[in-house]
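[1] just a sequence and a predicted model for now, questions to come.
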Amino acid sequence: MSKMCQIRRIQSDLKYLQENPLQYCTGGPVGDNLFKWLIIIDGPQHSPYEGGKYKLAIDLLYYPLKAPIVVFQTQIFHPNVGNDGYICLEMVQENWSPIIKIQQVLMEIYSMLNDPNPERFLNAEATRLFMESKEEFIQTVRQHVRLYASK
């Protein structure tokens, strides 16, 4: 895929996102760089992440032929997010397809916040608490929201 085709695809995804905004996230390219995005995603209502605002850095260097690289810049306690902010999500790994739009990736991340998948974990402690003590898991998540995501 030529660089020009790649740019047109990213511009198309950006336009689609602007015309069909997701209520729970904002953002887009950083300055004039179409290949680097910053997105703020809200923690889902009625979840332990409610009230949190999470910064996501998205690298589109090889998009759409390869999945975007999405990293939480805001510290988060979640089974599917490593301490380095990288996520474990089927859509952006083995199930990636070039027809998937950036908006769909954001929707999947939002869904992941609401419904962790302990079988695909990156954070062993979050997974252990999620599986063994939901109450302690929820308390720890809420503490992280207060400390890192409510600014």
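    Arrived safely. These figures come from a predicted structure and were not determined experimentally.

[2] tell me where this protein has strands.
    25-30, 33-42, 53-59, 69-72 (DSSP state E).

[3] in its sheet, what does the first one sit against?
    Yep, that's strand 25-30 we're talking about. Note on strand 25-30: by DSSP bridges, its sheet partners are strand 33-42 (antiparallel).

[4] pLDDT on the partner strand, on average?
    Averaging pLDDT along strand 33-42 gives 97.

[5] give the buried residues for it.
    By neighbour count on 16 or more other CB atoms under 10 Å, the buried set for strand 33-42 is 34, 35, 37, 39, 41, 42. Quick note: C-beta positions are derived from backbone N, CA and C, even for glycine.

[6] ok so, going back, just put the strands of the chain in a markdown table and tack on distance to residue 121.
    Shown next, in a markdown table, are the strands of the chain (distance: least, CB to CB, whole Å):
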| stretch | distance to residue 121 |
| --- | --- |
| strand 25-30 | 24 |
| strand 33-42 | 20 |
| strand 53-59 | 18 |
| strand 69-72 | 15 |
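
[7] mind checking which of those is nearest residue 5?
    Evaluated with CB to CB, the strands of the chain place strand 33-42 nearest to residue 5, the distance being 12.7 Å.

[8] just the C-alphas of that closest one, formatted as PDB.
    Taking Å, rounded to 0.1, in the frame of the first residue of the first chain, the C-alpha atoms of strand 33-42 are listed here in PDB:
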ATOM      1  CA  ASN A  33       0.700  14.100  12.200                       C
ATOM      2  CA  LEU A  34      -2.000  11.800  10.900                       C
ATOM      3  CA  PHE A  35       0.100   8.800  12.100                       C
ATOM      4  CA  LYS A  36       0.000   9.700  15.800                       C
ATOM      5  CA  TRP A  37      -3.300  10.200  17.600                       C
ATOM      6  CA  LEU A  38      -4.200  11.000  21.200                       C
ATOM      7  CA  ILE A  39      -7.600   9.900  22.300                       C
ATOM      8  CA  ILE A  40      -9.300  10.500  25.700                       C
ATOM      9  CA  ILE A  41     -11.700   7.700  26.500                       C
ATOM     10  CA  ASP A  42     -14.100   7.900  29.500                       C
END
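
[9] report the distance from that strand to the chain centre.
    10 Å (CA atoms, centre = their mean, to the nearest Å).

[10] report the angle between the axes of it and strand 53-59?
    Interaxial angle of strand 33-42 relative to strand 53-59 (axes from the mean of the first three to the mean of the last three CA atoms, to 10 degrees): 160 degrees.
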